[in-house]
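[1] I'll drop the sequence and a predicted model, then ask my questions.
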Amino acid sequence: MTDKMTLSLRRAGRLGYVLAFGTALVALDGCGGGGDTGPVAPTETTCQQDPTQAKCIVTPPANTTLRGLAAAKARSFGVAVDAAFFGANPAAYDAVVAREFNLIVAGNVMKWSSIHRDARYAYRWTNPDSMVRFAQANTMNVRGHTLVWHQQNPTWLTSTTWNPETLKVVLKEHIDSVVGHYKGKVVAWDVVNEAINDGNGTLRTTGSPWASTIGASYIDLAFREARAVDPAALLFYNDYNLEFTGAKQDSAFVMISGMKARGVPIDGIGFQGHFQINTDGSGVPSKDALIATFNRFAALGLKIHITELDIRIRTPGATSTELTAQSQGYANVVSACLAVPACEAIVVWGLNDGESWVPGTFPGYGQALLFDDTFARKATYTAVSTALSGG
Ligand code: XIL
């Protein structure tokens, strides 16, 4: 291309920006740095001055992004996206997502309460479909979250008294529809989410139509159905507080061992990784403790994903001890993952602090993520990128 040629930028739906040149569409993969991207108006900010501006959805050198650093270690680094992505959707948000991550998860829009909100035979594909198209346009993989959970279920489901056989049919229908819709597009599903009680590690029945009506067999049923619909998708059990040794972790180990023995198709375990820094700086297991936990489950033949990583601190008023521990916690998780070959992916639960679920769920805590609300990299980002660059 020469600078005499007239180029125009246009937005192709949610597929990002492309250069329209004649009838050919050419992906904009340069940022004014070396490539000829056409004439720049004198008043325009260049991509070097402001890489987050809308037209600069680009791939910078791999060694300067989380996705590039992770890929160099054969890992994926992902992010959960939510209202900011699906709503007003500032282009700067999209640009950072595409620049930094090679894996994407829906924070809410693939859950029953969203995708299957209204009625037994009605699905809402628009938002999750747009996320999947964005992922494809930006060479990102998609994790599916989640097929069976005790929370965020629609009223039409929870207000009906089901008998076990009918509820099994409803569950299979949902899995057939959702996994079928995304067959070949979702690399891994969180098939069952949070089936084990905190503390004593018993089967969670409170609030769960699945466990209370079908019984524990709903878990096997869900995995078998998902495998039947998309044999290529990796199937995960996902839960929180499994990072710590104790009754809950032991129960997950026993449960998954039993599934394996019964021939139930399960490929991996998702450690959600929602951590809280205490005033003494404790709260995240050490690198060695995490490695031991990951290896315990890898020995069952499972892949390990860190699926919902965030590390919250007190707000306001976190001390330097707490801030340092937060960054160290991120480093612990990333370096432990790199030390365990079965650990293939890390996902942070939100792009920036302003969209995080933490302040609403844990009053007095926040600032749990890698970017602030101006999309500036935080110390936590540096800790992650440094750990990704290491062993
Ligand atoms: C959270 C979302 O981030 C919130 O927006 C929503 O209100 C509640 O759910 N474990 C999970 C996630 O598996 O789905 C949850 O996400 C956080 C805890």
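    Nice, thanks for sending it over. In this text, all values refer to a predicted model and were calculated from it rather than measured experimentally.
[2] make it CA atoms for all contacts and neighbour counts henceforth
    Fine.
[3] what residue ranges in the chain score low on pLDDT?
    1-62, 89, 391 (pLDDT under 70).
[4] Right, and the ligand sits closest to which residue of it?
    residue 357 (4.8 Å; Cα to the nearest ligand atom).
[5] What count of nearby residues applies to that residue?
    Residues within reach of residue 357, counting by other Cα atoms under 10 Å, total 16.
[6] Check the one 10 residues further on too.
    Residues contacting residue 367 under the criterion other Cα under 10 Å number 25.
[7] give me the number of residues near the closest residue to it other than its chain neighbours?
    Excluding the flanking residues, the one nearest residue 367 by Cα to Cα, 6 or more residues apart in numbering is residue 353, at 5.2 Å. Look at residue 353: counted by other Cα under 10 Å, it has 22 neighbours.
[8] Equivalent analysis for residue 223, please.
    25.
[9] these two touch, right, it and residue 233?
    No. Counting by Cα atoms under 8 Å, residue 223 stays clear of residue 233, with 10.9 Å between them.
[10] hang on, residue 178 is in a helix, isn't it?
    Yes. Under DSSP: H, G, I helix; E, B strand; the rest coil, residue 178 sits within a helix.
[11] about what we covered before: for the residue nearest to residue 367, give its distance to residue 315.
    Per Cα to Cα, to the nearest Å, residue 353 is found 11 Å from residue 315.
[12] Overlap of the contact sets of the two?
    Common neighbours of residue 353 and residue 315, counting by Cα atoms under 8 Å, 6 or more residues apart in numbering, are 366-367.
[13] number of nearby residues for the residue nearest to residue 344 when sequence neighbours are not counted?
    Distances taken as Cα to Cα, 6+ apart place residue 75 nearest to residue 344, at 4.9 Å, with adjacent residues excluded. As a burial measure, residue 75 scores 22 neighbours (other Cα under 10 Å).
[14] Next: residue 161.
    Counted with other Cα under 10 Å, residue 161 comes out at 11.
[15] Would you mind stating the distance between it and residue 123?
    21 Å.
[16] ok, now residue 252?
    31 Å.
[17] the more surrounded of the two?
    Taking neighbours as other Cα under 10 Å, residue 252 and residue 123 compare with residue 252 leading, 22 against 16.
[18] give me the element that one is part of.
    Applying DSSP states H and E as the criterion places residue 252 in helix 247-262.
[19] Please enumerate residues in contact with that helix?
    Outside helix 247-262, the residues that reach it (Cα under 8 Å, 6+ apart) are 196-202, 220, 241-243, 265-266, 297, 300.
[20] immediately after it, which helix or strand?
    Next in line after helix 247-262, if elements are assigned by DSSP H and E, sits strand 268-271.
[21] Check which helices and strands that next one is in contact with.
    Strand 268-271 is packed against strand 234-239, strand 303-314, with contacts defined by 3 or more Cα pairs under 8 Å, 6 or more residues apart in numbering; DSSP states H and E.
[22] Name the surrounding residues that touch the last one.
    Here strand 303-314 makes contact (Cα under 8 Å, 6+ apart) with 80, 238, 267-278, 294, 297-298, 322-323, 326, 329-330, 342-349, 358, 364-369.
[23] in its sheet, what does it sit against?
    Using DSSP bridges, strand 303-314 pairs in its sheet with strand 268-271 (parallel), strand 274-276 (parallel), strand 343-348 (parallel), strand 365-366 (antiparallel).
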